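Asks: what's the 3D shape of this:
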Amino acid sequence: MKTTAIIGVLLTVLLASTAAAFDGHRKGFVIGGGLGFAPIVKWEVEESLEEGVPYGHDETRAGVGLHLLIGYAWGEKNMIVYEGNAAGFTTAVSDKSAAQGFSGVGWYHYFGRTGKTAFTVAGLGLYGYDAEYDDPHDSGFGMLLGGGYEFARHWQVGGYLSFGSTTSHDRDYNHATLNVLVSGVFF
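Replies: Model prediction:
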């Protein structure tokens, strides 16, 4: 009997919180994602073929950008989210698919009322890189900076610059990605 009562109370609380979560006010649980264009997807490595002879490789491509976010808004103007912001592209090294991007905690700040306002985003986390032709890379420090405009309730357009580093075979890689995305954020 106690178990049934506890389960009933938990279900009631969960259903009530879910119903209030998507009430159109940017407060509480938020989830979203976006898709767009990545005009700059850059990676570079400085390596040496022989002792004292520097040799490096860098590549800048364009690709498809995307991001996903999930988190909490504590008011109409501020959200803390876990965000994945990445780009997929075809690398010139081997004409194979690759992806790189930021994964971490982001803070969104909206300057005006919901539906017609500018916003900024800043984030700290990890940067990752994965390519069909290459061994796995170890993630390194990553940052995300950006901003844009919320043109309708739940819809926004933004520019996101992420940069960071990865490591593979004792070589350090530097990465940067610029994404221009149209996103839906549901609250």
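
Asks: From the contact counts, what lies against the longest strand seen in the chain?
Replies: Of all the segments of type strand in the chain, defined by DSSP state E, the longest one is strand 28-50. If contacts are counted by 3 or more Cβ pairs under 8 Å, 6 or more residues apart in numbering; DSSP states H and E, strand 28-50 sits against helix 2-21, strand 53-73, strand 78-90, strand 171-186. All C-beta atoms are positioned from the backbone trio N, CA, C, and that covers glycine.

Asks: Might you list the low-confidence residue ranges for this structure?
Replies: 1-23, 48-55 (pLDDT under 70).

Asks: can you rerun that using 80?
Replies: 1-25, 46-56, 93-94, 133-134 (pLDDT under 80).

Asks: so what's residue 71 up against?
Replies: Going by Cβ atoms under 8 Å, 6 or more residues apart in numbering, residue 71 touches 29-30, 79-83, 106.

Asks: Next, work out how far apart it and residue 165 are.
Replies: Applying Cβ to Cβ, to the nearest Å, the value for residue 71 to residue 165 is 25 Å.

Asks: any idea which of the contacts of residue 71 is closest to residue 57?
Replies: residue 83 (29.0 Å; Cβ to Cβ).

Asks: Counting neighbours, which of the contacts of residue 71 end up buried?
Replies: Burial by neighbour count, judged by 16 or more other Cβ atoms under 10 Å, picks out 30, 79, 81, 83, 106 from the contacts of residue 71.

Asks: could these go into CSV alongside distance to residue 169?
Replies: Output for the buried ones among the contacts of residue 71, formatted as CSV (distance: Cβ to Cβ, whole Å):
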residue, distance to residue 169
30, 39
79, 39
81, 34
83, 29
106, 31
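
Asks: Would you confirm that residue 40 contacts residue 65?
Replies: No - applying Cβ atoms under 8 Å, one finds residue 40 not in contact with residue 65, separated by 10.0 Å.

Asks: list residues touching both of these two?
Replies: residue 177.

Asks: Which one of the two is surrounded by more residues?
Replies: Legend: neighbour count by other Cβ atoms under 10 Å for residue 40 and residue 65, higher for residue 65 (27 against 16).

Asks: tell me the contacts of the more buried one?
Replies: 34-38, 85-87, 160, 177, 179-181.

Asks: let's go with 6 Å and repeat that
Replies: 36-38, 87, 179, 181 (Cβ atoms under 6 Å, 6 or more residues apart in numbering).

Asks: among those residues, who's most crowded?
Replies: residue 179 (29 neighbours).

Asks: can you pull up the bridge partners for the residue nearest the centre of the chain?
Replies: For the chain, residue 85 is the residue whose C-alpha lies nearest the centre (Cα atoms, centre = their mean; 2.2 Å). For residue 85, the beta-bridge partners under DSSP bridges are residue 67, residue 102.
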